[in-house]
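Novice: Compute the structure for the input listed below.
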Amino acid sequence: MNDLAPRDDSAQVVFDRVTRFYGPVIGLNEVSFTLPPGVTVLFGANGAGKSTVMRLASGQIRPSLGRVQLLGRDAWSTEAKRHLGYCPDVDRFYEEMPGRDFVRLMVRLQGYSPRQARHLAEEALARVDMVHRAHRPLRTYSQGMRQRIKLAQALAHRPQVLLLDEPLAGVDPGGRHTLLELFAQLGDEGRCVLLSTHMLREVESLARQVLVLVQGRLVAQGTLEQIRQWLDDQPLLLALEADQQRPLARELIGWEEVLSVQVEGPRVLVRVQQAGSFYQKLNHLAAQAPWQLRRLEPLDVGADAVFRYLNQRP
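Specialist: Below you'll find the predicted structure:
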């Protein structure tokens, strides 16, 4: 399905037939994709290769085969890393250092003067809502606060490319909402944001595109709607509401597109294949039937279901 992804001349991150070996083990298998400005969500099961993608894109490791580029430069190069902000999935802090000092230090390591570092650090702390808590030692921070400080140091030098590895882990629901708004703003500003997460329902609405990894292979790239269309041959679960459920169920059970029918309270749950053909027949039936079809709702077109389908593909 990777070959269905359109080329984008504005791509800021390029993986070109990238393979990465760990001894005899293949961590990534001939993966190609491009990331334009905006938010891209990367997801897959544990061991699918997400961390390898992040490490390659951030220049921590080199590909065994293929090439990885940031803004037209080799991701391994110092010049590429100047334009990169990286929020890792693990904590490695100087625990006695105040959060504000830590962010300033990270900016200084980018080559900025002390005065510039103070200004940029305060700007980043404000964006992650940590200005009034940044004086505390890092050892006193909750998991959510530690995530915010990691985000602040990734943002502080105003990079064009942001790699955010599980940035919502440990963040409370209110904080997640605030950070999701921040990620959307960063994408709207024209930055390239690659966000790895297991919280699929929360991030699917802000993603310009989605990358799905299964066992080191890129099995899908595009919007969730596009991926769902590509999976038209896969079963789809629908909930139908009508003023007469049982006559509707009896009618549907004989259709060749229908795999199963179940009446559940006011709803008729129908699992279908060849969804396009089913919808056409249902529209015709609704126009002719003596009962009224009130509602039709797909139950598995979101990110969780798409991932489940793709993870099962050979």
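Novice: where does the stretch 151-300 of the chain dip in pLDDT?
Specialist: Within the stretch 151-300 of the chain, the segments meeting pLDDT under 70 span 198-202, 228-234, 300.
Novice: swap the cut-off to 90 and go again
Specialist: For the stretch 151-300 of the chain, the stretches flagged by pLDDT under 90 are 166, 168-178, 197-210, 212-215, 219-239, 242-245, 254, 257, 264-266, 271-300.
Novice: quick one: the strands in it?
Specialist: Ranges of strands within the stretch 151-300 of the chain are 161-165, 192-196, 209-214, 217-222, 236-242, 258-264, 267-272, 293-298, based on DSSP state E, counting those that start in this stretch.
Novice: Now the ones you listed in CSV, please, with extra columns for mean neighbour count and distance to residue 35.
Specialist: The way it works is simple: take the backbone N, C-alpha and C, and place the C-beta from them, glycine included. Formatted as CSV, those follow (neighbours: other CB atoms under 10 Å; distance: least, CB to CB, whole Å):
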stretch, mean neighbour count, distance to residue 35
strand 161-165, 24, 8
strand 192-196, 25, 5
strand 209-214, 24, 8
strand 217-222, 21, 10
strand 236-242, 19, 29
strand 258-264, 14, 37
strand 267-272, 20, 34
strand 293-298, 13, 28
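Novice: Out of those, which is closest to residue 15?
Specialist: Closest to residue 15 of the strands of the stretch 151-300 of the chain, according to CB to CB: strand 217-222, at 8.3 Å.
Novice: Okay, now the sheet partners of that closest one, with direction.
Specialist: strand 209-214 (antiparallel) (DSSP bridges).
Novice: so what's the backbone phi/psi at the residue positioned nearest the centre of the chain?
Specialist: Centroid check for the chain by CA atoms, centre = their mean gives residue 41 as the closest residue, at 1.9 Å. Dihedral angles of residue 41 (phi, psi; degrees, to the nearest 10) stand at phi -100, psi 130.
Novice: Show me the protein divided up by domain.
Specialist: Per the record, the chain has its domains at 2-229, 233-299, by automatic domain parsing.
Novice: hey, which of these is tucked in deepest?
Specialist: Mean neighbour count (mean count of other CB atoms under 10 Å) peaks for domain 2-229 among the domains of the chain, with a mean of 18.
Novice: Contact partners for residue 80?
Specialist: Listed by CB atoms under 8 Å, 6 or more residues apart in numbering, the contact set of residue 80 reads 59, 69, 70, 71, 73, 74.
Novice: what about 7 Å?
Specialist: Applying CB atoms under 7 Å, 6 or more residues apart in numbering, we find residue 80 in contact with 59, 70, 71, 73, 74.
Novice: pretty sure the second one is in contact with residue 159, am I right?
Specialist: What it means is residue 70. No: contact criterion CB atoms under 7 Å: residue 70 and residue 159 do not qualify, at 9.7 Å.
Novice: Overlap of the contact sets of the two?
Specialist: With CB under 7 Å, 6+ apart, residue 70 and residue 159 have common neighbours 83, 84.
Novice: Of the contacts of residue 80, which pair is most distant in space?
Specialist: Farthest-apart pair in the contacts of residue 80 is 59 and 71; separation 12.2 Å (CB to CB).
Novice: Which strands border the helix or strand hosting residue 40, and is each parallel or antiparallel?
Specialist: Under the criterion DSSP states H and E, the helix or strand holding residue 40 is strand 38-43. Applying DSSP bridges, strand 38-43 is found paired with strand 192-196 (parallel), strand 209-214 (parallel).
Novice: Mind checking the pLDDT average for that strand?
Specialist: The pLDDT scores in strand 38-43 average 91.
Novice: Dump it to CSV, keeping only the CA atoms.
Specialist: Presented in CSV, the C-alpha positions along strand 38-43 are these (Å, rounded to 0.1, in the frame of the first residue of the first chain):
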residue,chain,number,x,y,z
GLY,A,38,1.9,19.4,9.2
VAL,A,39,1.3,16.6,11.7
THR,A,40,1.9,13.0,10.7
VAL,A,41,1.0,10.2,13.2
LEU,A,42,3.2,7.1,13.3
PHE,A,43,1.7,4.0,15.0
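Novice: okay, the angle between it and strand 161-165?
Specialist: Strand 38-43 and strand 161-165 are oriented at 30 degrees to each other (axes from the mean of the first three to the mean of the last three CA atoms, to 10 degrees).
Novice: any residues touching strand 38-43, and which ones?
Specialist: Identification of contacts with strand 38-43 by CB under 7 Å, 6+ apart yields 50, 53, 183-184, 187, 193-198, 200, 203, 206-212, 307.
Novice: circling back: how about the strands of the stretch 151-300 of the chain in a markdown table, adding distance to residue 127?
Specialist: A markdown table is the format used below for the strands of the stretch 151-300 of the chain (distance: least, CB to CB, whole Å):
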| stretch | distance to residue 127 |
| --- | --- |
| strand 161-165 | 12 |
| strand 192-196 | 13 |
| strand 209-214 | 24 |
| strand 217-222 | 29 |
| strand 236-242 | 40 |
| strand 258-264 | 46 |
| strand 267-272 | 44 |
| strand 293-298 | 36 |
